[in-house]
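S.K.: below is the sequence, then the predicted model.
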Amino acid sequence: MGKEEKRPPEGEREETAFYDWRKKIDEQVKRDLKDYFQDRDYVVMAVPKEEPLRVWAVKATNTARTAQRVHRLSPMAAAVMGRAIVGAILLSSLIKHGTDQKVGLKIEGDGPIGYVYVEVDGKGRVRGLVKNPDVPLFTKEVNGKTKLDIARAIGNGTLTVIKDLGMGKPYVGVVPLVSGEIAEDIAYYLAQSEQIPSAVGIGVKLDEKGEVKVAGGWMVQEMGGTSEKALQVIEDAVKKLPPVSDLLEQGKRPEDIALMIIPEELNPHLLGLKEIEYYCPCDEKIVEGVVAGLPQEEVDKIFEENQFLEVTCHFCGKVYRYTREQVEEIRSRAREEEKPSDRKEEGDKENS
Ligand SMILES: [Zn+2]
């Protein structure tokens, strides 16, 4: 725009006009995408054109806020859970995009929070839970600044990664916590258990009310054979990178952060984007399976003392409530279904 261009010869004008129109649409699409993703959580992957190295950057502010609301988390618990959420999203790079494969991250220690568990599937759906949601605030002084003491809340313990690739037994990897600050622990896990040299940064900032203000992170993975020169460039870029929570607070987006890690000279390309949300796939069918599997004595005991049998989902807090009649029906239906295929169609009553 504004730049005088040589007028194309007569015969080419139409094509030029067509090209400009397309460019305009392109810009519009980009703006629309930007608007659409402005307040959403997502993860991007970027690569340097010529080097076997991958970079992910994620914004998970809304997801961490939803987790805080669903579980009524104290500020400290929200900060730990927020970090675990970002960590689990970064670890979802180990499963197939767009599938129901799942990766679970469990951080368990002898600190007052007990444990935090988060799982993410290939579609970017996140859910989690924490043992002690009321854990009090711990802070520490770092270079004259007050910071949350995540390691104190967690204590000494282990980091477990459960990869469910939908092929039977899930793959489980356990490493000791090396820092308890989660980012470094995830980098340690990737190096030890997956043999992937990695660097990880995670940040969660709380506002003055103790609610999640921003949550996000980034990860670099070296897939083997990256040139010394490129490694040096990336290392320098990572060293210069401000804390991710500062970047998000300034309005930086995952793609901006990824492109700060892979500088222009390495010819960065954005390869993909996945939306992230807190979503629990629990439903009547799953809960009825639980109800059907309860021992009879337990069911009898519940109805001696209560009018309803209630099942609460630990991941989303949803309460499923059944009367004695409903429970009996669920259980007898389950017994029917367990029988081999000699059951009669006419006897089946389908509830809708
Ligand atoms: Zn649920």
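M.R.: Received, thanks. Quick caveat: nothing in here was measured; it's all calculated off a predicted structure.
S.K.: only C-alpha atoms for contact and neighbour calcs from this point on.
M.R.: OK.
S.K.: quick one: the helices in the chain?
M.R.: Counting by DSSP state H, one finds helices in the chain at the ranges 13-37, 61-71, 75-91, 150-154, 183-193, 228-240, 244-249, 254-261, 284-293, 296-305, 324-338.
S.K.: how about those helices, which one is nearest residue 121?
M.R.: Closest to residue 121 of these, according to Cα to Cα: helix 75-91, at 8.7 Å.
S.K.: and the residue in the stretch 51-200 of the chain positioned nearest to the ion, what are its bridge partners?
M.R.: When you check the stretch 51-200 of the chain against the ion by Cα to the ion, the closest residue turns out to be residue 127, at 8.3 Å. Using DSSP bridges, the beta-bridge partners of residue 127 come out as residue 119.
S.K.: return the most buried member of the helices of the chain.
M.R.: helix 75-91 (a mean of 28; mean count of other Cα atoms under 10 Å).
S.K.: ok and that helix relative to helix 183-193, angle-wise?
M.R.: 40 degrees (axes from the mean of the first three to the mean of the last three Cα atoms, to 10 degrees).
S.K.: alpha carbons of helix 75-91, as CSV, please.
M.R.: Extracted in CSV, the C-alpha atoms of helix 75-91 (Å, rounded to 0.1, in the frame of the first residue of the first chain):
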residue,chain,number,x,y,z
PRO,A,75,-4.4,-19.5,45.2
MET,A,76,-1.6,-21.8,45.9
ALA,A,77,-3.4,-24.9,44.6
ALA,A,78,-4.5,-22.9,41.5
ALA,A,79,-0.9,-22.0,40.8
VAL,A,80,0.2,-25.7,41.1
MET,A,81,-2.7,-27.0,39.1
GLY,A,82,-2.1,-24.3,36.4
ARG,A,83,1.5,-25.4,36.0
ALA,A,84,0.5,-29.0,35.9
ILE,A,85,-2.1,-28.2,33.2
VAL,A,86,0.5,-26.4,31.1
GLY,A,87,2.9,-29.2,31.6
ALA,A,88,0.4,-31.9,30.6
ILE,A,89,-0.5,-29.9,27.5
LEU,A,90,3.2,-29.7,26.5
LEU,A,91,3.5,-33.5,27.1
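S.K.: I'd like the helices of the chain as TSV, with distance to the ion and mean pLDDT appended.
M.R.: TSV is the format used below for those (distance: least, Cα to the ion, whole Å; pLDDT from 0 to 100):
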stretch	distance to the ion	mean pLDDT
helix 13-37	26	66
helix 61-71	10	97
helix 75-91	16	98
helix 150-154	25	96
helix 183-193	26	96
helix 228-240	38	95
helix 244-249	29	96
helix 254-261	28	94
helix 284-293	10	92
helix 296-305	22	93
helix 324-338	20	90
